[in-house]
Structures are given as structure tokens and as C-alpha cells.
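Trainee: here is the input, now give the coordinates:
(2 chains)
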Amino acid sequence: RKEVEQDPGPFNVPEGATVAFNCTYSNSASQSFFWYRQDCRKEPKLLMSVYSSGNEDGRFTAQLNRASQYISLLIRDSKLSDSATYLCVVTRGDTDKLIFGTGTRLQVFP
Amino acid sequence: DGGITQSPKYLFRKEGQNVTLSCEQNLNHDAMYWYRQDPGQGLRLIYYSQIVNDFQKGDIAEGYSVSREKKESFPLTVTSAQKNPTAFYLCATDDRTGYNQPQHFGDGTRLSIL
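Mentor: Next up is the predicted model:
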């Protein structure tokens, strides 16, 4: 089993749609969780950290379910500029090393 | 402008040649990391350094070497022993002062074999 698993997509959605990505992780000792965004042929950029109580940043909402070991990202009112690959990232157990998922590709169309 | 600078943006390596990728940061971060990204795969950790003059192997260190003589700099050498070096190389840093600190990336170097 992979340490971090994501649906590779692509998710093709119209502008204004709501889209949700899920990610599962294998190590129950993982402590920190993040969503990164990566545009084609660019570096990953931090989208948001994920906190135990869930957190929101504008149109983006992240949730963590420790019991089931999954993380979700919800994007509301999708924009064309949201088109990118979204990477789920968790720490390897209780270390500081990060494990990156392979990413879920989102394509928003007009 | 503060940040992480990687150079060069594109690099070509001949067979049997060692090449060095540069990573410089002015964020005053203690920890620095090197990853490689291949198509369809997640980032994989090559080496990391949590403090000057100390570094540790990551998951795929074979064929690579690093140094950390200054806090600001963490160069990566891809040696001739690395048989499949074509990839996107990313340098990252983080601030070790708090819990749940994310990593921030430079804009990467694309390495190809001639």
C-alpha cells in the first residue's frame, strides 16, 4: 500500500462547480497534513495546512479524519485559474519528513 | 525579494559527467531538502539537512551527493553513478521553529541526458 494515495483524475468540471478531492494515508502516526497546488511544469506551492478541526480559506475547505486516515479538499465555485494538480502531503509518522501523493489533476472549463 | 533560488533552470548532462545544481535561500531557514519528481510520481526525497555541516540521506540518495557549508546554500551534485538522472529537481526549505511547518520550494531545475 502506498504511503499516500490520491485519485489521479483528471477531474473535468465547469466553472462554478464544487469539486472534492480525497486522499488516504497509511501511517496512523502522521502528525502534519498539507495540500499543495502544482501548475504544469512548475514547483508545488502550499495551498493550505490541514488542521484536526478542519479549516477554510475562502473557497477552499480542508478536512482531516484521523480515525479513517483520510484528508479531503473541497473547492467551491471553481474558477478557470483553479486548473492545476493538487498534491496531498503528510508527514512520515511522527518525523518531519514529508510524503507527497502523486496528485489529482483538476481541469476547470468555461 | 525573499525566497529560494535554484539554478540553472535547465541542465544537460553528458554520459559520465557530474553536474551540480545550485540552491540558495535568504529565508534564514535551518532545514533544506532536495527532491526529484518524475512524471506520474510523487516527489521523492534525495537528501536533507537540518543544520549547517550536517545532512542525511533521503529515500533515493544513491548517485547523488550534497554539502551544507553555509546556511544559505545546499548544492546537489548528480554523479555519473546516477544512471537515470532525467527528472525535475526541487529544492525546499522549512522553518523548524514551530509545529506543522510546511516546506516551500524553489522553481526547480530540469535535468536531461544528452
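
Trainee: list the residues that contact the residue nearest the centre of chain B.
Mentor: Residue closest to the average C-alpha location in chain B (CA atoms, centre = their mean): B:Trp34, at 2.8 Å. With contacts taken as CB atoms under 8 Å, 6 or more residues apart in numbering or on different chains, B:Trp34 has the following neighbours: B:21, B:23, B:45-48, B:58, B:64, B:66, B:74, B:76, B:89-92. The way it works is simple: take the backbone N, C-alpha and C, and place the C-beta from them, glycine included.

Trainee: quick one: it is in a strand?
Mentor: Yes - counting by DSSP: H, G, I helix; E, B strand; the rest coil, B:Trp34 is part of a strand.

Trainee: so which strand or helix has the residue lying closest to it once chain neighbours are set aside?
Mentor: With CB to CB, 6 or more residues apart in numbering or on different chains as the measure, B:Ile46 is the residue that lies nearest to B:Trp34, at 4.3 Å, once sequence neighbours are left out. Taking DSSP states H and E as the criterion, B:Ile46 maps to strand B:44-51.

Trainee: quick check: residues of chain A near chain B?
Mentor: Of all the residues in chain A, those in contact range of chain B (CB under 8 Å from any CB of the partner chain) are A:4, A:8, A:31-32, A:34, A:41-46, A:49, A:51, A:87, A:89, A:96-103.

Trainee: out of those residues, list just those in strands.
Mentor: Assigned to strands by DSSP state E, the following of the residues of chain A next to chain B qualify: A:4, A:34, A:44-46, A:49, A:87, A:89, A:98-100.

Trainee: write the ChimeraX selection for whichever of those residues are buried.
Mentor: Only the buried entries of those go into this ChimeraX selection, using 16 or more other CB atoms under 10 Å in any protein chain shown:
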select /A:4,34,44,49,87,89,98,99,100
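
Trainee: can you give me the strands in chain B?
Mentor: When assigned using DSSP E, the strands of chain B occupy the ranges B:4-7, B:10-13, B:19-25, B:31-37, B:44-51, B:54-57, B:64-66, B:76-78, B:87-94, B:104-105, B:109-113.

Trainee: where does chain A have low pLDDT?
Mentor: Judged against pLDDT under 70, chain A has no low-scoring part.

Trainee: same question for chain B.
Mentor: Segments of chain B classed as low confidence (criterion: pLDDT under 70) are B:1-2, B:97-99.

Trainee: give the contact list for residue 7.
Mentor: Since you didn't name a chain, this refers to chain A. Shown here is A:Asp7, whose contacts under the criterion CB under 8 Å, 6+ apart are A:21-22, A:104.

Trainee: you looked at the wrong chain, it should be chain B
Mentor: For B:Ser7, the contact set (CB under 8 Å, 6+ apart) comprises B:21-22, B:109.

Trainee: same deal with A:Ser28?
Mentor: With contacts defined as CB under 8 Å, 6+ apart, A:Ser28 is in contact with A:66, A:69.

Trainee: for it, helix, strand, or coil?
Mentor: Per three-state DSSP, the local secondary structure of A:Ser28 is coil.

Trainee: and it, how far is that from A:Thr61?
Mentor: Counting by CB to CB, to the nearest Å, the separation of A:Ser28 from A:Thr61 is 23 Å.

Trainee: picking up where we left off before, so the residue nearest to B:Trp34 sits right up against B:Val78, yeah?
Mentor: No - under the contact definition of CB atoms under 8 Å, B:Ile46 does not touch B:Val78, with a separation of 9.3 Å.

Trainee: shared neighbours of those two, which are they?
Mentor: Counting by CB under 8 Å, 6+ apart, the residues touching both B:Ile46 and B:Val78 are B:Tyr64.
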